[in-house]
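Chemist: Turn this into a model:
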Amino acid sequence: MSSQSDLRSLIHQHRIFFDELVELVPAKFYINNADRQNSTWHYGMSKAARAAAKQTTKDHLKKARRERLDPDKFTSTLKILEQQEMAGSKNVEDDESHASQIAFKVRDIAVMV
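Modeler: Numbering: from 1, shown residues only. Reported below is the predicted structural model:
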């Protein structure tokens, strides 16, 4: 029985370690951001239009940097993934099949732990 409890504690420690590793990788590298604007620079732009576009880009980058580094607005990568999964689950037409898939996932996780 102690070997089983040792195995459970080992698995739990590995899960915590892996979650911490996932947190170290910025979410922008593996989460598709559909809201991202395609900012292309066109050579046909006038000098004033190019300067205005450049200034708006700088402003957006400053704002994004402030938001990203604001400790009050911190969200973990796991929470972002959960929010996206919840948003995706609202779009599922067949709720029963989705519920059964979640039940299988929960059973698999319970077996692993």
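
Chemist: host element of residue 75?
Modeler: Residue 75 belongs to no helix or strand when assigned by DSSP states H and E.

Chemist: got the contact list for it?
Modeler: Applying C-beta atoms under 8 Å, 6 or more residues apart in numbering to residue 75 gives no contacts. No exception for glycine: its C-beta is placed from N, CA and C like everyone else's.

Chemist: repeat that for 10 Å
Modeler: 27, 82-83 (C-beta atoms under 10 Å, 6 or more residues apart in numbering).

Chemist: would you list those residues in CSV and tack on pLDDT and distance to residue 73?
Modeler: As requested, the contacts of residue 75 are exported to CSV (pLDDT from 0 to 100; distance: C-beta to C-beta, whole Å):
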residue, pLDDT, distance to residue 73
27, 77, 14
82, 86, 17
83, 86, 14
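
Chemist: Mind picking the one among the residues you listed that's closest to residue 13?
Modeler: Taking C-beta to C-beta as the measure, residue 82 is the one of the contacts of residue 75 closest to residue 13, at 22.4 Å.

Chemist: since we're on that closest one, how many residues are nearby?
Modeler: 12 (other C-beta atoms under 10 Å).

Chemist: Could you report the separation of it from residue 69?
Modeler: Going from residue 82 to residue 69 by C-beta to C-beta, to the nearest Å gives 22 Å.

Chemist: How about residue 67, nearest residue that isn't a chain neighbour?
Modeler: Distances taken as C-beta to C-beta, 6 or more residues apart in numbering put residue 73 closest to residue 67, at 6.0 Å, once the chain neighbours are dropped.

Chemist: what about that neighbour, how many neighbours?
Modeler: For residue 73, using other C-beta under 10 Å, the count is 9.

Chemist: Looks like it contacts residue 66 (just checking).
Modeler: Yes: counting by C-beta atoms under 10 Å, residue 66 is a contact partner of residue 73 at 9.4 Å.
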